[in-house]
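*Asks:* Please work out how this folds:
(chains A and B)
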Number of protein chains: 2
Amino acid sequence: MRVGRAQAAVESAGLDALYVTAPANVMYLTGREAGRVLLTKNRGFLWVRELYRGVYADLYGLKGYPLEVRTYSRDELSKQVESLGCRSIGIEDVSVSYCNRMRKSFGCRLKPTEIVEQQRAVKSGHEIRALRRSASIAVKGMKKAYEVVRKGVRELDAAAEIEYEIRMGGSETPPFQHGMLLSSGPRAADVHAHATGARIGDGLVIADLGARFQGYYSDMTRTIAAGRLRKTERELMESVRRLEVEAVDYIKPGMTGAEVHDFIESRIKAAGFSFHHSAGHGIGLEVHERPKLGPESDDVLAEGMVFTVEPGIYIPKKMGVRFEDMVLLTKKGCRQLTG
Amino acid sequence: MRVGRAQAAVESAGLDALYVTAPANVMYLTGREAGRVLLTKNRGFLWVRELYRGVYADLYGLKGYPLEVRTYSRDELSKQVESLGCRSIGIEDVSVSYCNRMRKSFGCRLKPTEIVEQQRAVKSGHEIRALRRSASIAVKGMKKAYEVVRKGVRELDAAAEIEYEIRMGGSETPPFQHGMLLSSGPRAADVHAHATGARIGDGLVIADLGARFQGYYSDMTRTIAAGRLRKTERELMESVRRLEVEAVDYIKPGMTGAEVHDFIESRIKAAGFSFHHSAGHGIGLEVHERPKLGPESDDVLAEGMVFTVEPGIYIPKKMGVRFEDMVLLTKKGCRQLTG
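*Replies:* Residues are numbered from 1 along each chain as shown, chains lettered A, B, ... in the order given. This is a model prediction of the structure:
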């Protein structure tokens, strides 16, 4: 069905074919992570690298599988593109060098498209179930965070405990590419700060974590109080938390990503601060995917989309606060998946 | 010094400037992870995103810092490129869309280069110390792997214990982008298989892990016996281990990456198997960097380079064996950093 919808999109985009190499897109179309997919309006091929041929042997000639499975070689693929008579092929936003190699090898016009990325933005029931499971593992990790994050504990030790909980909870990966984000005190003002050997003192600690289940990611953030808080810290924490709840409540199908961003940014500005990151991001087979919820995003939010909402306020050299939840957009509005 | 050498390379490449955005390259030149660097033969700029301005405030006007620090905006950067009179700018292998945006914004010719990547291949004493520390954390993790990998244990639980050890050992990140590789029995034939909920049975288990210290990665692999081994398993394991030792012994400065690959591949072929992945890879601020040790690599191995050596044999649906160590190349040959 996914393959069929992508094929229809290839046709309506006026392309002769679509060539797919990004792992998340390949996974979406094939159920496997390694391979390249070539789709025309009425045929579909999965090219398996020699390295995986043995492992994917079951796919060759599998009944009901929507793709013809072949073992990849540059020459064989070129021949096929030629024999299909392709003149314009849609490609992903690959690197310049890879694009040049493809152009040479295919000998035809390449056009950047986002056919599969856009298809992935609206989730199926099966995907939503996986995202829910993934979110529930993240919630377990966050419970552990509330237990272990306290004054005197090394940031790295706390992160180790939390990541352990997430892995034991069944996550297929540790959180994110470089592990969970955990930053205390003034370091929390650095939006992407990871845990260090420093000990947590009095103040706010940002814990941003997630999991992966059946290929689907989750992502959530809490700001946790360690030791004693100053009044300004407590107030900032409460106001960002309130803003997150308001934003989740505000979002309805039909809005653009930019509208959500503006909602959050205008309130943060009204409080006298700046807002430098996005209001959130779609999540699924990648941690960041469509829809975008940034200042220039004209992605229209639709039922069945899953994304995060994450207002944050950062005071350089002093403190940082962020709250983030993953939501499923329904006809009536957002349903929270994280906790 | 790093900036100075890059500037000299810009000049000798006949470029007016070099624009650097890849995080590892930015880190190499600036010591920080977030920013963009513009170098001409006699000036250097670090453009800090608004998001990080507060966090990097100490760099603005810092005495002795080799770069002039500015707050990034597309317009300001374009103006600067114009005022510097740049007509050709070297860029990294970025995505097609990013390259197009740059071309528009800079209004000059963009040329793909690997100036910083090549510079990074040969490590300084400081870098080698960080890589050693990183390797020693990986070795700790591998000791834990030999303790916890045994028949009856769930792969994911074993991975959780090992990653916990690595994080508690001071690694700045969990191993690799998707966590360590741990695969048992027939699944070990899938070169990139991650831990699953399956229980380890009698047979071979591949454990591929690493750490990060001061930005520098480590990477090593062992094949561990669980329960009872069949004779073919034991023999395969011993022969790959022997081959790895022979390859490490064989490598000398002046060889190309392809020569090392051929050494390993020819021996694996002689034993009646195929070899589908690279013989190894440079490692440093990225897990995979220059030099390449694949079949077509003309990278010349030189003193001070650090790379992995990793022969592997995989029998689809049956078993897999891989051994991998990280080595520092010296005048006399390889010095092993992992264990």
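*Asks:* quick one, strands of the stretch 51-200 of chain A?
*Replies:* Using DSSP state E, counting those that start in this stretch, the strands found in the stretch 51-200 of chain A span residues A:68-71, A:88-91, A:109-112, A:181-184.
*Asks:* Can you tell me which of those is most buried?
*Replies:* Ranked by mean neighbour count under mean count of other C-beta atoms under 10 Å in any protein chain shown, the strands of the stretch 51-200 of chain A are led by strand A:181-184, which reaches a mean of 26. All C-beta spots, glycine's among them, are computed from the backbone N, C-alpha and C.
*Asks:* quick revisit: nearest to A:Ala34, of the strands of the stretch 51-200 of chain A?
*Replies:* Nearest to A:Ala34 among the strands of the stretch 51-200 of chain A is strand A:68-71 (12.2 Å), distances taken as C-beta to C-beta.
*Asks:* give me every residue that touches the residue nearest to A:Val10 when sequence neighbours are not counted.
*Replies:* Spatial nearest neighbour of A:Val10, chain neighbours left out: A:Leu18 (4.7 Å); criterion: C-beta to C-beta, 6 or more residues apart in numbering or on different chains. By C-beta atoms under 8 Å, 6 or more residues apart in numbering or on different chains, the contact set of A:Leu18 is A:Ala6, A:Ala9, A:Val10, A:Val37, A:Leu38, A:Leu39, A:Ile89, A:Gly90, A:Ile91, A:Thr113, A:Ile115, A:Val116.
*Asks:* Checking the third one next. Helix, strand or coil?
*Replies:* This means A:Val10. With DSSP: H, G, I helix; E, B strand; the rest coil as the basis, A:Val10 sits in helix.
*Asks:* what's the answer for the fifth one, then?
*Replies:* Secondary structure state of A:Leu38, per three-state DSSP, is strand.
*Asks:* That one reaches A:Gly44, doesn't it?
*Replies:* Yes - using C-beta atoms under 8 Å, A:Leu38 makes contact with A:Gly44 at a distance of 7.3 Å.
*Asks:* Let me see the ranges of the helices in the stretch 51-200 of chain A.
*Replies:* Assigned by DSSP state H, counting those that start in this stretch, the stretch 51-200 of chain A shows helices spanning A:74-83, A:96-106, A:115-121, A:125-148, A:155-168.
*Asks:* buried ones in the third one?
*Replies:* Within helix A:115-121, the residues that qualify as buried are A:Ile115, A:Val116, A:Glu117, A:Gln119, A:Arg120, A:Ala121, counting by 16 or more other C-beta atoms under 10 Å in any protein chain shown.
*Asks:* So which elements touch that helix?
*Replies:* The contact analysis (3 or more C-beta pairs under 8 Å, 6 or more residues apart in numbering or on different chains; DSSP states H and E) places helix A:115-121 against helix A:2-12, strand A:17-20, helix A:23-30, strand A:289-292.
*Asks:* With just CA atoms, put the second one into CSV.
*Replies:* Listed in CSV are the C-alpha atoms of strand A:17-20, where the atom choice follows Å, rounded to 0.1, in the frame of the first residue of the first chain:
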residue,chain,number,x,y,z
ALA,A,17,10.9,7.0,-11.5
LEU,A,18,11.8,7.6,-7.9
TYR,A,19,15.1,6.4,-6.4
VAL,A,20,15.2,6.0,-2.7
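*Asks:* Run me through the strand neighbours of it, direction for each.
*Replies:* Partners of strand A:17-20 in the sheet, by DSSP bridges, are strand A:36-39 (antiparallel), strand A:88-91 (parallel).
*Asks:* Mean pLDDT for those strands - can I get that in JSON lines?
*Replies:* Formatted as JSON lines, these follow (pLDDT from 0 to 100):
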{"stretch": "strand A:36-39", "mean pLDDT": "96"}
{"stretch": "strand A:88-91", "mean pLDDT": "97"}
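*Asks:* re earlier: what's the most buried one of the helices and strands packed on helix A:115-121?
*Replies:* Highest mean neighbour count among those (mean count of other C-beta under 10 Å): strand A:17-20, with a mean of 25.
*Asks:* quick one: contacts for A:Ala17?
*Replies:* A:Val10, A:Leu38, A:Leu39, A:Thr40, A:Val81, A:Leu84, A:Cys86, A:Ile89, A:Gly90.
*Asks:* Then A:Ala188?
*Replies:* Contacts for A:Ala188 (C-beta under 8 Å, 6+ apart) come out as A:Gly203, A:Leu204, A:Val205, A:Ile206, A:Thr223, A:Tyr314, A:Met319, A:Gly320, A:Val321.
*Asks:* pLDDT score assigned to the nearest residue to A:His288 once chain neighbours are set aside?
*Replies:* Of all residues not flanking A:His288 in the chain, A:His281 sits nearest, at 4.6 Å (C-beta to C-beta, 6+ apart). Note on A:His281: pLDDT of 98.
*Asks:* and the gap between A:His281 and A:Asp190?
*Replies:* A:His281 sits 19 Å away from A:Asp190, going by C-beta to C-beta, to the nearest Å.
*Asks:* try A:Arg87
*Replies:* According to C-beta to C-beta, A:Arg87 and A:Asp190 sit 49 Å apart.
*Asks:* what about those two, which has more around it?
*Replies:* Shown here are A:Arg87 and A:Asp190; by other C-beta atoms under 10 Å in any protein chain shown, A:Asp190 has more neighbours (22 against 13).
*Asks:* tell me the phi and psi of the more buried one?
*Replies:* Torsion angles at A:Asp190 (phi, psi; degrees, to the nearest 10) stand at phi -90, psi 110.
*Asks:* Distance check, the closest residue to it other than its chain neighbours against B:Gly31.
*Replies:* Among residues not flanking A:Asp190 along the chain, B:Val55 sits closest, at 4.5 Å (C-beta to C-beta, 6+ apart). B:Val55 is 13 Å from B:Gly31, where distance means C-beta to C-beta.
*Asks:* neighbour-wise, which of those two wins?
*Replies:* B:Val55 (23 against 12).
*Asks:* Tally up the residues packed near A:Val148, please.
*Replies:* Around A:Val148 there are 18 other residues, counting by other C-beta under 10 Å.
*Asks:* ok, the residue of the stretch 51-200 of chain A found nearest chain B - contacts?
*Replies:* With C-beta to the nearest C-beta as the measure, A:Gly54 is the residue of the stretch 51-200 of chain A nearest to chain B, at 2.2 Å. Under the criterion of C-beta under 8 Å, 6+ apart, the neighbours of A:Gly54 are B:Ala189, B:Tyr314, B:Ile315, B:Pro316, B:Lys317.
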